[in-house]
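**Q** Sharing a model prediction with you, sequence too.
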Amino acid sequence: MFELVITYFAIPVIAISIFIVLLRVIKGPTIEDRIVAFDVLTAIGIAFIAVYAVKSESIKLLDGGLILALLAFLGTVAFAYYLERRTRK
C-alpha cells in the first residue's frame, strides 16, 4: 500500500518540483536566487533518494542523502562567504 503512494504521488510531485526549481535556476534574476534554487534542488534530490530508499527497501541509500545534505550545506556556506566578501570590497 505504501509503495503505491510513493509511486503515484511522491515521485510525480518530486519531478514537478525539480522542473519548477530548474526554471528558477535558469531565470533567476540574481546570483542569490540561483544559490537558493540550487540549495532547494539538493533538498529535492535528498527527498528523491529517501523515496527511492523506501521503495527499494535499502537503508544504505540514506547515507548518500546524508552526504549530499552535508555537501549542500557546505556549498551554501561557501557561496555566502563569497558573496559577503564580494560586497565588502
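**A** Looks like it arrived, so ask away.
**Q** Please spell out which residues along the longest helix seen in the chain are buried.
**A** For the chain, the helix with the greatest residue count under DSSP state H is helix 61-88. For helix 61-88, burial by neighbour count (16 or more other CB atoms under 10 Å) applies to 61, 65, 72, 79. For the C-beta atoms, the positions are set from N, CA and C on the backbone; glycine is no exception.
**Q** a markdown table for these, including distance to residue 15 and pLDDT?
**A** Below are those laid out as a markdown table (distance: CB to CB, whole Å; pLDDT from 0 to 100):
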| residue | distance to residue 15 | pLDDT |
| --- | --- | --- |
| 61 | 18 | 89 |
| 65 | 18 | 91 |
| 72 | 20 | 93 |
| 79 | 26 | 90 |
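**Q** which other helices and strands contact the longest helix of the chain?
**A** In this structure, helix 61-88 makes packing contacts with helix 31-56, judged by 3 or more CB pairs under 8 Å, 6 or more residues apart in numbering; DSSP states H and E.
**Q** quick one: the helix it packs on to chain centroid distance?
**A** The chain centre lies 2 Å from the centre of helix 31-56; the measure is CA atoms, centre = their mean, to the nearest Å.
**Q** Report the buried residues of it.
**A** By neighbour count on 16+ other CB under 10 Å, the buried set for helix 31-56 is 34-42, 44-54.
**Q** And for stretch 17-31?
**A** Neighbour-count burial for stretch 17-31 flags 17-18, 21, 24 (criterion: 16+ other CB under 10 Å).
**Q** Name the nearest of those relative to residue 6.
**A** Nearest to residue 6 among the buried residues of stretch 17-31 is residue 17, at 14.8 Å by CB to CB.
**Q** in the chain, what secondary structure element scores lowest on mean pLDDT?
**A** Using mean pLDDT, DSSP states H and E, the weakest-scoring helix or strand in the chain turns out to be helix 2-5, at a mean of 73.
**Q** Next secondary structure after it?
**A** helix 11-27 (DSSP states H and E).
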